[in-house]
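J.: next come a sequence and a model predicted from it.
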Amino acid sequence: MKKPRLKRLITGVVTLCLLAAGCTALAYGINSQVFGRVEGFRPGVFTTYFTWDDIDLERREVRFYSGRNGLQGFVYGMENDKGLVVISHGLGGTADAYFSLIIFFVDRGWRVFAFNNTGVAGSEGRNMRGLSQSVIDLDAALAFVEGMSEFDGLPVMLVGHSWGGYAVCAVLNFGRNVNAVVSAAAFNCPGEIFREQGVRMVGGLFFLLSPHFWVIQRHLFGDVARLTAIDGINRAGVPVMIVQCRDDDLIRATTTSIFAHRDRITNPNVEIVLREGIGHEFVFSSPEQRRYMEWVASSWRGYRSRRENASMFSWAEEVGFCKVRANELDEELMERIHRFFYDAR
């Protein structure tokens, strides 16, 4: 081989290696940004969600491990014996963002176990790692539950929203002792939703980075990265309720949601609830709550536009903001879930 040709070949190989290394570094950067650490509600910072200071419940904090990271969990309704409801939260949220659900189940006689995933609030971890982490953390939570004598004899029900909605179905692939599942606004598999959201974020560049993202996920999660919610639903055969909003603009009813793949469900114990006019974050909410929050957003924008250094505390006091209305659940849906769990005990 002539030297000029050899030189061009070496230059080409080096260029491709540098390009591959650059794409991998960029993929890692995007992954770290998307799945960065999430802190809990900060004292003295206004939020429309219920916080611990707003509610009248007793709880006990527990710690358990998912891999090398210690995770933070809370048990509510310690004397309730109807069953144990385990709540898996959504991406970017915390367990405390689901106080409305926790209150509902405790008031109806259920014990509740809610926990923060890796990289969230009081749990350890530099970041949330990736979409498959919710399954790994939920499996660790269920292992913790199975190892605690205080939960002996309690039927176990799972509730998950979004990231957690995927987890409560995908974890069924592991054969844990679960009686029933409610999955809300959930995607079917990590690769599919990551691709759809990735194209939204970076356009066609995603397809150049896609192999690198896949290598990262396989490195982090191994075969768990391949798990789908549908496979878990079919494998376990337990009662599963799928709740999906038709106008969900994040987990779309026609593309990435479990609902979109419903024709692949062979489990005969599946119920599907398709809600109208309710978005991703409002899947458990009443129509009145959705309308109230639309008014809240409009009112706050107007208030902020008229004042420098506007405070949400002062805005809330001035307009008479009501947290009960801002966190109102859909009574008909929640009672249906309650009966669904009760019948599955």
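T.: Sure, I can see it.

J.: now residue 230: how far from residue 328?
T.: 32 Å (C-beta to C-beta, to the nearest Å). All C-beta atoms are positioned from the backbone trio N, CA, C, and that covers glycine.

J.: next: residue 315.
T.: Residue 315 is 20 Å from residue 328, by C-beta to C-beta.

J.: ok, residue 335 - how many residues close by?
T.: 13 (other C-beta atoms under 10 Å).

J.: wait, what's in contact with it?
T.: For residue 335, the contact set (C-beta atoms under 8 Å, 6 or more residues apart in numbering) is empty.

J.: buried set for stretch 70-77?
T.: 71, 72, 73, 74, 75, 76, 77 (16 or more other C-beta atoms under 10 Å).

J.: repeat for stretch 324-340
T.: Going by neighbour count (16+ other C-beta under 10 Å), the buried part of stretch 324-340 is 325, 326, 327, 328, 329, 330, 333, 334, 336, 337, 338, 340.

J.: tell me the domain boundaries of the protein?
T.: Per automatic domain parsing, the structural domains of the chain span 35-189+227-283+331-343, 287-328.

J.: would JSON lines of these with mean pLDDT and distance to residue 217 be doable?
T.: Formatted as JSON lines, the domains of the chain follow (pLDDT from 0 to 100; distance: least, C-beta to C-beta, whole Å):
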{"stretch": "domain 35-189+227-283+331-343", "mean pLDDT": "96", "distance to residue 217": "6"}
{"stretch": "domain 287-328", "mean pLDDT": "95", "distance to residue 217": "34"}
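
J.: among the ones you listed, which is the most enclosed?
T.: domain 35-189+227-283+331-343 (a mean of 20; mean count of other C-beta atoms under 10 Å).

J.: mind checking how far that domain is from the chain centre?
T.: Distance of domain 35-189+227-283+331-343 from the chain centroid (C-alpha atoms, centre = their mean, to the nearest Å) equals 7 Å.

J.: how about residue 237, what does it touch?
T.: Contacts of residue 237 by C-beta under 8 Å, 6+ apart are 267, 268, 269.

J.: switch to 7 Å and redo it
T.: By C-beta atoms under 7 Å, 6 or more residues apart in numbering, the contact set of residue 237 is 267, 269.

J.: one more: residue 172?
T.: By C-beta under 7 Å, 6+ apart, residue 172 lies in contact with 178, 232, 233, 235, 236.

J.: mind listing the helices for the stretch 1-150 of the chain?
T.: Ranges of helices within the stretch 1-150 of the chain are 3-34, 99-107, 133-146, based on DSSP state H, counting those that start in this stretch.

J.: the second one packs against which elements?
T.: So that's helix 99-107. Contacts defined by 3 or more C-beta pairs under 7 Å, 6 or more residues apart in numbering; DSSP states H and E place helix 99-107 against strand 84-88, strand 111-115.

J.: neighbouring contacts of the last one?
T.: Yep, that's strand 111-115 we're talking about. Strand 111-115 has contacts (C-beta under 7 Å, 6+ apart) with 71-78, 80, 84-87, 95, 98, 102, 105-106, 141, 145, 154.

J.: now the angle from it to helix 133-146?
T.: 140 degrees (axes from the mean of the first three to the mean of the last three C-alpha atoms, to 10 degrees).

J.: give the pairing partners of strand 111-115; include direction for each.
T.: If you go by DSSP bridges, strand 111-115 pairs up with strand 69-76 (antiparallel), strand 84-88 (parallel).

J.: can you list the ones you listed in a markdown table and add distance to residue 223?
T.: Listed next are the strands paired with strand 111-115 as a markdown table, based on distance: least, C-beta to C-beta, whole Å:
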| stretch | distance to residue 223 |
| --- | --- |
| strand 69-76 | 20 |
| strand 84-88 | 20 |
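
J.: OK, contacts around the closest residue to residue 71 other than its chain neighbours?
T.: Leaving out its chain neighbours, the residue that sits closest to residue 71 by C-beta to C-beta, 6 or more residues apart in numbering is residue 123, at 4.3 Å. Contact analysis of residue 123 by C-beta under 7 Å, 6+ apart lists 69, 70, 71, 72, 116, 117.

J.: fine, thanks again, bye for now.
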